[in-house]
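Trainee: just coords:
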């Protein structure tokens, strides 16, 4: 069966510090991978999606970047965090090829102070 | 503009009191509609996928239905453990690619 991992689970960082959130998927090959941010009372905002290594699309111009160094690894980064980067970050995967339902990781709660 | 709207925002039910959650959508090129359950502080858990009007899916006390403009998540005789936020999402064609659009969810509280 497939599983998706995210870490860390929680993170408190000062403004201006760097960020690296990691996501890995097990039990599948060539998944489509996604990073979302969820703010309180708002829907999930798609940040990045990737259909393969070195194939990453950004949905919203922002202070963040994403990389996919391996087939089942997806990393969300920032060089300098802003207060507005606080939120709940979710990684998701869907079967490669035709997109269908997405399966989400446990999430990372990021607080920028 | 593609849009997904869920109602109500919050719902309180007594245990055993059946009800329905609504997800209305305005998108072009609908490929699929998805329902998720999300517990506080956790990632959404996939429940159902619906592809065409008239389709229905069931899982325990939950049944999802789809029309051309909306979907309903029916909860029959809910229990306190059904308390969660229920999210609806659509996969729609946008600028030549399929995108996912999520609603803001319905927070369900079932009282014992």
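Mentor: Thanks, I have the structure now. These numbers were taken from a predicted model, which means no experiment stands behind them. Numbering: from 1, shown residues only, chains lettered A, B, ... in the order given.
Trainee: switch to C-alpha atoms for all contacts and neighbour counts from now on
Mentor: OK.
Trainee: what about the strands in the chain?
Mentor: Going with chain A. In chain A, the strands defined using DSSP state E lie at A:3-7, A:10-13, A:19-26, A:32-38, A:44-52, A:55-58, A:65-70, A:73-78, A:87-94, A:103-104, A:108-112.
Trainee: my bad, chain B
Mentor: Going by DSSP E, chain B shows strands at B:3-7, B:10-14, B:19-26, B:30-38, B:45-50, B:56-59, B:62-66, B:70-75, B:84-94, B:97-102, B:106-111.
Trainee: for these, which one ends up most surrounded?
Mentor: strand B:84-94 (a mean of 23; mean count of other Cα atoms under 10 Å in any protein chain shown).
Trainee: anything in stretch A:102-113 near chain B?
Mentor: Yes - counting by Cα under 8 Å from any Cα of the partner chain, chain B is contacted by stretch A:102-113 at A:102, A:103, A:104, A:105, A:106, A:107.
Trainee: coming back round to it: from the strands of chain A, which stretch is densest packed?
Mentor: strand A:87-94 (a mean of 25).
Trainee: So what's the gap between that strand and the chain middle?
Mentor: Per Cα atoms, centre = their mean, to the nearest Å, the displacement of strand A:87-94 from the mean C-alpha position of its chain is 5 Å.
Trainee: strand partners of that strand, parallel vs antiparallel please.
Mentor: strand A:32-38 (antiparallel), strand A:103-104 (antiparallel), strand A:108-112 (antiparallel) (DSSP bridges).
Trainee: Touching the first one from outside, list them.
Mentor: With Cα atoms under 8 Å, 6 or more residues apart in numbering or on different chains as the contact definition, strand A:32-38 has outside contacts at A:44-52, A:74, A:76, A:87-97, A:99.
Trainee: Residue A:19 reaches residue A:78, doesn't it?
Mentor: Yes - with contact defined as Cα atoms under 8 Å, residue A:19 counts as touching residue A:78 (4.8 Å).
Trainee: surely residue B:74 meets residue B:23?
Mentor: No - the criterion here is Cα under 8 Å, and residue B:74 misses it with residue B:23 at 11.4 Å.
Trainee: Residue A:69 versus the residue nearest to residue A:8 when sequence neighbours are not counted, what's the distance?
Mentor: Excluding its sequence neighbours, the residue lying closest to residue A:8 (Cα to Cα, 6 or more residues apart in numbering or on different chains) is residue A:108, at 6.1 Å. From residue A:108 over to residue A:69 the distance is 20 Å, taken as Cα to Cα, to the nearest Å.
Trainee: and the residue nearest the centre of chain A, what are its bridge partners?
Mentor: With distances taken as Cα atoms, centre = their mean, the residue of chain A nearest its centroid is residue A:35 (3.0 Å). Beta-bridge pairing of residue A:35 under DSSP bridges involves residue A:48, residue A:91.
Trainee: Noted, bye for now.
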